[in-house]
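J.: Following is a predicted model, sequence given first.
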Amino acid sequence: MNNWDYLLSLASNPIFLVLAGCASIVSLALAIYFGVRSHRFKRLGYCSKSTSFVRDYQTKIPELELSYKGIKVRNITLTRFVVWNSGVETVHKTDIAKADPLRLTVADASAILNSEIVPPVRESNVVRLQSTADRQTLELSFDFLDKEDGVVFDVLHTGRAGDVSLSGTIKGARQLKYYHKVRVPLSQSQRLWIWAALLILVALIALLSTIFASPSPIRSALVIFVALFLLAGAIAADVAIDGLAEAKTLPRQHKHFMESI
């Protein structure tokens, strides 16, 4: 039995057909699930990463001290945040609860030294950062955020990486979602190349099945059917994988969050 005969026997094997069918059905079900789940809802998502410049500074010389603009410090940490509309509906300024505004806070023994927005940012969003007098809270405000709109900003503070957190309530929205990992999405050209390769593969299988298959048209049609069935499963899986992935896909306009700090 040559390789092609083995492929034909595999394609006509009931167990293989059942497994291929189950895989495609599961992928399609997951795609539908994540598609329905993402339908018309509000949510802000965010992620952060920190770099420590000074940690637990100590000295045996009493006259020697470490300070930042006159403030004595033992730790200096830079934390970069990305906050974006990870839902579908637009989030407006009026959607932010006045009793629980969108804000970043540091631990009681820490202080915010400085903060700045990292461009680019959509100007019409009118994103602003405002530090409170006690230097322990940084309020984040905006006029509106359409789907995938957001901001990347840096916060220099005297705490450690785990001493800073984001909180707040968006009316009519799900809770703020923290993503432990984010990844840069594939470019449009990369996705086109992947799908072009898949289509060429399916076309090749179909062509070879008509050239080298046995005289039985049923077996040739069976190979084509399996190839198309697997392609449909791959398309459904492409939608489902992003929903199941540990790393959330970051909107392309915020990919500068991934740059070194």
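T.: Good, I have the coordinates. The structure displayed is predicted, hence computed values, not measured ones.
J.: For Ser86, which non-adjacent residue is closest in space?
T.: Spatial nearest neighbour of Ser86, chain neighbours left out: Gly45 (3.2 Å); criterion: Cβ to Cβ, 6 or more residues apart in numbering. For glycine as for every other residue, the C-beta is placed from the backbone atoms N, C-alpha and C.
J.: Check which helices and strands whatever helix or strand that neighbour lives in sits against.
T.: Using DSSP states H and E, Gly45 maps to strand 44-54. When contacts are defined as 3 or more Cβ pairs under 8 Å, 6 or more residues apart in numbering; DSSP states H and E, strand 44-54 sits against strand 76-85, strand 164-167, strand 177-178.
J.: domains in this structure, as residue ranges please.
T.: Domains of the chain are assigned by automatic domain parsing as 3-38+185-258, 44-173.
J.: Straight-line length of the longest one, end to end?
T.: Distance between the boundary residues of domain 44-173 (Cα to Cα, to the nearest Å) amounts to 8 Å.
J.: and Asp146, how many neighbours does it have?
T.: Residues lying near Asp146 (other Cβ atoms under 10 Å) number 14.
J.: just to revisit the earlier point, any idea which of the domains of the chain has the lowest pLDDT on average?
T.: Looking at the domains of the chain, the lowest mean pLDDT belongs to domain 3-38+185-258 (a mean of 62).
J.: Would you map the helices across the stretch 1-150 of the chain?
T.: 3-11, 14-37 (DSSP state H, counting those that start in this stretch).
J.: Dump the helices and strands packed on strand 44-54 to TSV, plus mean neighbour count.
T.: Listed next are these as TSV, based on neighbours: other Cβ atoms under 10 Å:
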stretch	mean neighbour count
strand 76-85	22
strand 164-167	16
strand 177-178	12
